[in-house]
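J.: Structural data only, the sequence is not supplied:
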């Protein structure tokens, strides 16, 4: 199965991600990278006066994205072991979230992921992801590492 | 306003938390502690064959709960600075999530929170929360710290 | 080999910990718990005017202690996978550090550890540790988990 | 005072860092970046059979470096609020550690830092740093942010 299909299938298994409206934007198998978009919607706003997406939505987006990056790298059934998110600045009102993550290192059992969430300008990130995942086994595509 | 009302008002500002079905279970103003429940629902399941709540749901629950614990302590407008979640074991099928958090230390600008998510037996936690929040100002109820 | 001997042997393999003057205080095999003390010494002070142990010393103490707790639990060759330390308040001048950690959960490959560093009063902790370790294999003493 | 002098003065206040033999390699005021080197020494080895620097040494190096990056950015008296370190691969025997960190975002009270530790090849990092610091006030050089 292609990485695009795997990432889409992964999202399809996450009713929570689907309910938020998260979409796969791009997949880069060589780098183990993936990006997703969460379109702004009034229902996801925290404070109606501000029209800003609620912080928990960023958390959910980065959590789903991190696991997808591990799958894109060719690793089956990733489970989050631990994750850290730094919230760097408030989100901009009425603006989509874009998140990009990379599975930048794997060992026999562990996949290390880092990512970022922004709103169009990567130099002004809204949040930062650092996470580790444990996975069941490698697909043939993942090769020996 | 009482801590119970503040916590309920806080949840009311989180359409995302409401959509998941998160409920306030208890509030302890003296300890800065709060607990919440997320009832099991078929729509929040990851893998239909397993009937287990998806991991992102745990993340969302702990994130909302942590901010509520800061409010219960008498601090206004907490914003998550960074959070860490450790995922300790898979959730049990068809079982509710219960999460408990405590704002165990505050300084002039920072609130430190720790919490746990379990399914009825605190000795078998599903996930562990460690987080810091930054807050705008203290309510009178918070007193001098 | 007894847990006490294992913990002492572990410290003996850490010239860095020995150079700092870290000592094993107690070992609890059943809980996978361990405590250590770092006596105050003028050479470990950050700002001479304050006579407070430098923050990096707390980090080193908690890092060594976390690995020792995994060994006490009966697991061989733990390697830190990731650790988080929260610094809760400044250390008290001319005062020893006491650190306590517990390996509170293990899976097939991962050990979860939490700990605290204080100066005599556990209710006034100086720092908080959250960490995961990966380990080579179980000793017979560790039993099945 | 120049950033180089500030970074050197900072190291001079850390007897622990000096005892390890940590040296400032470079300082980039515009980026709030700093790099340091810890030369391999037999006394810092964990397992004599492997001749690899002990893990706690990496922790101490990244902790000191993170605070230095905040100072380089023009911020006074940084105190670590929390830090996360991911340990990505074992260090190479008889080889120096090089660590690079950047204070990539500041708010009114908080400085966000990320960094990496490698042994000459940045594409093969040994460890990864994510940290937040709280600081007393800005120097004139830091400008308005």
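T.: Perfect, I can see it now. What you see is a predicted model; the values in this text were computed from it and never measured.

J.: contacts, neighbours, all on C-alpha from now
T.: Fine.

J.: how near is residue A:76 to residue B:92?
T.: 21 Å (CA to CA, to the nearest Å).

J.: Same check on residue A:130?
T.: For residue A:130, the distance to residue B:92 - CA to CA - is 26 Å.

J.: and the two? which has more neighbours close in?
T.: Neighbour totals were compared for residue A:130 and residue B:92, and residue A:130 leads with 25 against 15 (other CA atoms under 10 Å in any protein chain shown).

J.: what does chain A have sitting close to chain C?
T.: Proximity of chain A to chain C, by CA under 8 Å from any CA of the partner chain, involves residues residue A:109.

J.: Okay, now the unreliable bits of chain A?
T.: A:1, A:3, A:12-16, A:46-48, A:137-145 (pLDDT under 70).

J.: Now do the longest helix belonging to it against helix B:55-72, angle only.
T.: The residue-count maximum for a helix in chain A (DSSP state H) belongs to helix A:55-72. Orientation note: helix A:55-72 sits at an angle of 150 degrees relative to helix B:55-72 (axes from the mean of the first three to the mean of the last three CA atoms, to 10 degrees).

J.: quick one, strands of chain A?
T.: A:23-28, A:33-38, A:79-87, A:97-106, A:110-118, A:127-134 (DSSP state E).

J.: so how far is residue A:23 from the residue positioned nearest the centre of chain A?
T.: Geometric centre of chain A, nearest residue: residue A:65, 1.5 Å, by CA atoms, centre = their mean. Residue A:65 is 10 Å from residue A:23, where distance means CA to CA.

J.: Tell me how many other residues crowd residue A:25.
T.: By other CA under 10 Å, 14 other residues sit near residue A:25.

J.: Could you find the closest non-adjacent residue to it?
T.: Excluding the flanking residues, the one nearest residue A:25 by CA to CA, 6 or more residues apart in numbering or on different chains is residue A:36, at 4.8 Å.

J.: Tell me who's in contact with that neighbour.
T.: A:22, A:23, A:24, A:25, A:26, A:65, A:98, A:99, A:100 (CA atoms under 8 Å, 6 or more residues apart in numbering or on different chains).

J.: Of the residues you listed, which is the nearest to residue B:44?
T.: The closest of these to residue B:44 turns out to be residue A:22 (CA to CA; 15.1 Å).

J.: And the closest residue in space to residue A:39 that isn't next to it in sequence, how far from residue A:54?
T.: Spatial nearest neighbour of residue A:39, excluding adjacent residues (CA to CA, 6+ apart): residue A:96 at 4.5 Å. Taking CA to CA as the measure, residue A:96 falls 12 Å from residue A:54.

J.: Please apply the same query to residue A:64.
T.: Per CA to CA, residue A:64 is found 16 Å from residue A:54.

J.: go on, residue A:26?
T.: Applying CA to CA to residue A:26 and residue A:54 gives a distance of 24 Å.

J.: okay, these two: which has more neighbours?
T.: residue A:54 (20 against 15).

J.: my guess is the more buried one contacts residue A:45, does it?
T.: Yes: Residue A:54 is within contact range of residue A:45, at 5.3 Å (criterion: CA atoms under 8 Å).

J.: what residues are up against residue A:133?
T.: Counting by CA under 8 Å, 6+ apart, residue A:133 touches A:67, A:70, A:78, A:79, A:80, A:81, A:82, A:110, A:111, A:112, A:113.

J.: for the fifth one, what are its contacts?
T.: Remark: with contacts taken as CA under 8 Å, 6+ apart, residue A:80 is in contact with A:67, A:131, A:132, A:133, A:134, B:55, B:87.

J.: State the number of residues packed around residue A:124.
T.: As a burial measure, residue A:124 scores 14 neighbours (other CA under 10 Å).

J.: Distance of the closest residue to it other than its chain neighbours relative to residue A:35?
T.: Ranked by CA to CA, 6+ apart and with sequence neighbours excluded, the top spatial neighbour of residue A:124 is residue A:118, at 6.5 Å. Per CA to CA, residue A:118 is found 11 Å from residue A:35.

J.: where do the contact lists of those two overlap?
T.: Counting by CA under 8 Å, 6+ apart, the residues touching both residue A:118 and residue A:35 are A:98, A:99.

J.: From what I see, residue A:6 and residue A:69 are in contact.
T.: No: Residue A:6 is not in contact with residue A:69 according to CA under 8 Å; the separation is 10.3 Å.

J.: Please say which of the two ends up with more neighbours.
T.: Neighbour tally, residue A:6 and residue A:69, criterion other CA under 10 Å: the higher count belongs to residue A:69, 32 against 17.

J.: and stretch A:97-107, anywhere near chain B?
T.: No: Stretch A:97-107 does not reach chain B (CA under 8 Å from any CA); its nearest approach is 15.4 Å.

J.: and that stretch with chain D, contact?
T.: Yes: on the criterion CA under 8 Å from any CA, stretch A:97-107 is in touch with chain D at residue A:105.

J.: Okay, and the beta partners of the residue nearest to residue A:124?
T.: residue A:98 (DSSP bridges).

J.: how many neighbours does it have?
T.: For residue A:118, using other CA under 10 Å, the count is 24.

J.: Would you confirm that it contacts residue A:101?
T.: No: counting by CA under 8 Å, residue A:118 does not reach residue A:101; the two are 11.6 Å apart.

J.: so what's the residue of chain A most remote from its centre up against?
T.: Within chain A, the residue lying farthest from the chain centre (CA atoms, centre = their mean) is residue A:49, at 27.9 Å. Contacts for residue A:49 (CA under 8 Å, 6+ apart) come out as none.

J.: Then residue A:116?
T.: Contacts of residue A:116 were listed using CA under 8 Å, 6+ apart, and they are A:62, A:99, A:100, A:101, A:125, A:126, A:127, A:128, A:129.

J.: Just list whatever residues bridge to the closest residue to it other than its chain neighbours.
T.: Once flanking residues are discounted, residue A:116 sits nearest to residue A:128: 4.5 Å by CA to CA, 6+ apart. Per DSSP bridges, the residues bridged to residue A:128 are residue A:86, residue A:116.

J.: Also residue A:24?
T.: Assessed by DSSP bridges, residue A:24 has beta-bridge partners residue A:36.

J.: what's around it, how many residues?
T.: Neighbourhood size, residue A:24 [other CA under 10 Å]: 18.

J.: And for residue A:40?
T.: Based on other CA under 10 Å, the number of other residues close to residue A:40 is 18.
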